[in-house]
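1. model this:
(one chain, ligands or ions: 1)
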Amino acid sequence: MWHVLGAGSLGTLWATRLFRAGLPVQLILRDQTRLTSYLQSGGLTLIEQAQKQKFPISAQTIGHLQPIERLLLACKAYDAAEAVTQLAPRLVNGAEILLLQNGLGSQDEVARAAPQARCIFASSTEGAFRQADFQVVFAGHGHTWLGDPLDLQPPAWLEDLRQAGIAHDWSLDILSRLWRKLALNCAINPLTVLHDCRNGGLLEYPAQLACLCSELIELLNRCGHSSAAEDLQDDVLQVIQATAANFSSMHQDASQGRRTEIAYLLGYACSAAQRHQLVLPHLQDLHARLLSHLGARGLPSH
Ligand code: NAP
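-> Purely as a prediction, here's the structure:
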């Protein structure tokens, strides 16, 4: 049984594809009110190439008592530890939790909240967004890397993902993948918020990008992830060019007054630098400016 917590963008994308492949799926919603609106909607709708398909996946509240052997955690990084703390009594010994959260930091929080479980980290380039409640658009096909820094043995259920058409690979160095993605995010997303521009707009600020990349490379090397530092600046420019017309996820969150995942992205990078007694003035200044920008809009810094 795949228990999927979070009927948002990625939760819907995963739950519908697993269900469509004939695999047993159980959605976990936050409370009775959410469960009632879900039941009224009749299921989760996935919109792919303008085609809508509704899937009547069964659902329960977080307070249900059914034991959980395999949990797909599909909430935001700042909600992950609290959700797992609530679910902890339901997780059997040796349960597996697949963590879809962006950035770093939430994985450790979840591992502390559920010491009886094996945590498998994911880093995905797939894209999805909520068009309406319980209706999600599959906006960008991509790839998902999965891995467990504590146990390099892949789980048997990777076969379920293949069956469900979820493009993936087992990574022997998932932490470096997560760090690389975090570094790309730190170089691009905060600047798009502060300059209020699409990703492509950053091409006007090559000096700022270069300073940030060189500090991020220093940080990755110091944290023992030198493979994640290789050609970082070229990759940043390539991502900016390939996504020039898009607004970054942080820009979208900030401009729509939604909480960002800053604490698990730039915030995590700055704390790691501090832990290693590294002085990275551009990164720290960027963090301070972003915090004050978000604060001025009433958005939390964590
Ligand atoms: P999302 O659309 O906001 O969905 C999060 C879901 O989690 C919401 O449905 C929310 O419930 C649910 N949730 C939170 N706390 C809960 C709880 N205690 N019990 C039950 N449900 C709970 O977020 P998302 O875009 O899927 O992002 C999830 C993670 O994936 C983030 O870390 C994001 O950065 C990462 N990611 C997303 C994408 C993408 O394209 N969307 C791509 C790569 C990575 P409510 O609906 O009740 O609020």
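
2. what's the closest non-adjacent residue to the residue in the stretch 151-300 of the chain that the ligand sits nearest to?
-> Nearest to the ligand, among the residues of the stretch 151-300 of the chain, is residue 261, at 5.6 Å (Cβ to the nearest ligand atom). For glycine as for every other residue, the C-beta is placed from the backbone atoms N, C-alpha and C. Spatial nearest neighbour of residue 261, excluding adjacent residues (Cβ to Cβ, 6 or more residues apart in numbering): residue 77 at 4.9 Å.

3. again, but for residue 190
-> That would be residue 290: by Cβ to Cβ, 6+ apart, it lies 4.7 Å from residue 190.

4. How many neighbouring residues does that neighbour have?
-> Each residue near residue 290 was counted by other Cβ atoms under 10 Å, and the total is 23.

5. host element of residue 59?
-> strand 58-61 (DSSP states H and E).

6. Buried residues in the longest strand along the chain, which are they?
-> If you go by DSSP state E, the chain has its longest strand at strand 91-99. For strand 91-99, the neighbour count (16 or more other Cβ atoms under 10 Å) marks 91, 95, 96, 97, 98, 99 as buried.

7. same question, stretch 179-188
-> 179, 180, 181, 182, 183, 184, 185, 186, 187, 188.

8. Is the third one in contact with residue 123, as I believe?
-> Yes. The criterion here is Cβ atoms under 8 Å, and residue 181 meets it with residue 123 at 5.5 Å.

9. before we move on, the earlier item: ok, then the element right after the longest strand of the chain?
-> Per DSSP H and E, the helix or strand that comes after strand 91-99 is helix 106-113.

10. by how many degrees do that next one and strand 91-99 diverge?
-> 180 degrees (axes from the mean of the first three to the mean of the last three Cα atoms, to 10 degrees).

11. Now do the helix or strand just after helix 106-113: everything it contacts.
-> Downstream of helix 106-113, the first helix or strand assigned by DSSP H and E is strand 118-124. Residues outside strand 118-124 that contact it (Cβ atoms under 8 Å, 6 or more residues apart in numbering) are 10, 94-100, 107, 110-111, 142-151, 155, 171, 174-175, 177-178, 181.

12. Same question for stretch 181-189.
-> Counting by Cβ under 8 Å, 6+ apart, 102-104, 123, 199, 202, 209, 212-213, 216, 219-220, 228-229, 232, 235-236, 239-240, 248-251, 265-266, 268-269, 283, 286 sit against stretch 181-189.

13. repeat for stretch 87-95
-> Stretch 87-95 has contacts (Cβ under 8 Å, 6+ apart) with 5, 28, 62, 64-71, 84, 97, 113-114, 116-118.

14. Could you count how many residues lie near residue 154?
-> When neighbours are defined as other Cβ under 10 Å, residue 154 has 16 of them.

15. Over to residue 233?
-> Neighbour number of residue 233 under other Cβ under 10 Å is 17.

16. Point me to the helix or strand that includes it.
-> helix 232-242.
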